[in-house]
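Novice: A structural model of the following input is requested.
(one chain, ligands or ions: 1)
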Amino acid sequence: MSVTKSTESAISGYPQAVALSDGRSVELRIIGQSDRDAIVAFARNLPEQDLLFLRVDITRPEAVDNWLTNVASGATTSIIAYDGEQMAGFATVDRAPARWTRRVGELRLTVGHDYRSQGLGRHLSSKIFDIARSLGLKKLTANMTPDQRGAQAAFGRLGFTAEALLTDFVEDRNGNLHDLVMMTFDVDGLTDHALQ
Ligand SMILES: CC(C)(COP(=O)(O)OP(=O)(O)OC[C@H]1O[C@@H](n2cnc3c(N)ncnc32)[C@H](O)[C@@H]1OP(=O)(O)O)[C@@H](O)C(=O)NCCC(=O)NCCS
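Specialist: Numbers count the residues shown, from 1 in each chain. Below is the predicted model of the structure:
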């Protein structure tokens, strides 16, 4: 998939430093092959509850390889946050392959436990919204389960609204079924709220 001029410009300002509310500074970068091991280490450090519901099981190096292949093909665009050598979080947008849903992207956003509630999720989502807009996306979806109350509240604060509840759509790592809450965000309706 070719990279358009507007996408080139949206991804041109990296790496860039952002300040967290506790005073730490993290560096945002566009993801690449060299991030593979850091991603696996980051995923393996996530709380058990998050691991249970990881949409893609990135504790497995093969799953990360698959992700990075999608990045190389242009189907996925991702931003990764580092605190020094340690990965602090990521935001990624996957484009829908079918033509009739080509204006819809799926957002996955995960912040490491030690970095939560410091504004990193908001920084990452703001940046990925810019990229989504440059890709011509009109709508972003974010999928979670009703159990993930904190994530639903956080995505609500980021401007997402719950749009669908799909029964028994999710099987967690323990083989238990859960409903899926699909939250959506209107990319064109974005205001600068994400940066405030
Ligand atoms: C959801 C998640 C990405 C939020 O990241 P974060 O860095 O903690 O978020 P921020 O500090 O930037 O907060 C963003 C907004 O959400 C609110 N928020 C964050 N966590 C919250 C929680 N548990 N409950 C209620 N609101 C919350 C913040 O107050 C903030 O709103 P405000 O700026 O208007 O005050 C993070 O909790 C996470 O990684 N969760 C696990 C992964 C996940 O479930 N992802 C969802 C599926 S894609």
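
Novice: of all the residues in this structure, which ones are close to the ligand?
Specialist: With the criterion set to C-beta under 6 Å from any ligand atom, the chain comes near the ligand through 50, 108-111, 116-122, 142, 144, 148, 150-151, 153-154, 157-158. All C-beta spots, glycine's among them, are computed from the backbone N, C-alpha and C.

Novice: same thing but 8 Å
Specialist: 21, 46, 50, 53, 55, 89, 107-112, 115-125, 142-144, 148-151, 153-158, 196 (C-beta under 8 Å from any ligand atom).

Novice: What subset of those is buried?
Specialist: Buried members of those, counted by 16 or more other C-beta atoms under 10 Å: 46, 50, 53, 89, 107-112, 115-116, 118-125, 142-144, 148, 151, 154-155, 158.

Novice: So which of those belong to strands?
Specialist: Judged by DSSP state E, strands contain the following of these: 89, 107-111, 142-144.

Novice: next one: the longest helix out of those in the chain to chain centre, how far?
Specialist: Taking DSSP state H as the criterion, the chain has its longest helix at helix 120-134. Here the centre of helix 120-134 is set off from its chain's centre by 9 Å, with C-alpha atoms, centre = their mean, to the nearest Å.

Novice: which residues of the protein score low on pLDDT?
Specialist: 1-3, 190-196 (pLDDT under 70).

Novice: what's the helix or strand for A17?
Specialist: Per DSSP states H and E, A17 falls inside strand 16-19.

Novice: Neighbouring strands - and their directions - for that strand?
Specialist: strand 25-30 (antiparallel) (DSSP bridges).

Novice: Show me which positions of the strand it pairs with end up buried.
Specialist: So, applying 16+ other C-beta under 10 Å, buried residues of strand 25-30: 26, 28-30.

Novice: Can you tell me which of the residues you listed is closest to the ligand?
Specialist: Set against the ligand, the nearest of these by C-beta to the nearest ligand atom is V26 (10.5 Å).

Novice: which residues are contacting the strand or helix carrying T7?
Specialist: Element membership of T7 [criterion: DSSP H and E] is helix 5-10. The contact list for helix 5-10 (C-beta atoms under 8 Å, 6 or more residues apart in numbering) reads 77, 130-131, 133-135.

Novice: Just the buried ones from those, in PyMOL syntax?
Specialist: Restricted to buried positions by 16+ other C-beta under 10 Å, the PyMOL selection for those reads:
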select buried, resi 77+130+131+133+134+135
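
Novice: Of the contacts of helix 5-10, which pair is most distant in space?
Specialist: In the contacts of helix 5-10, two members sit farther apart than any others by C-beta to C-beta. They are T77 and R133, at 11.7 Å.
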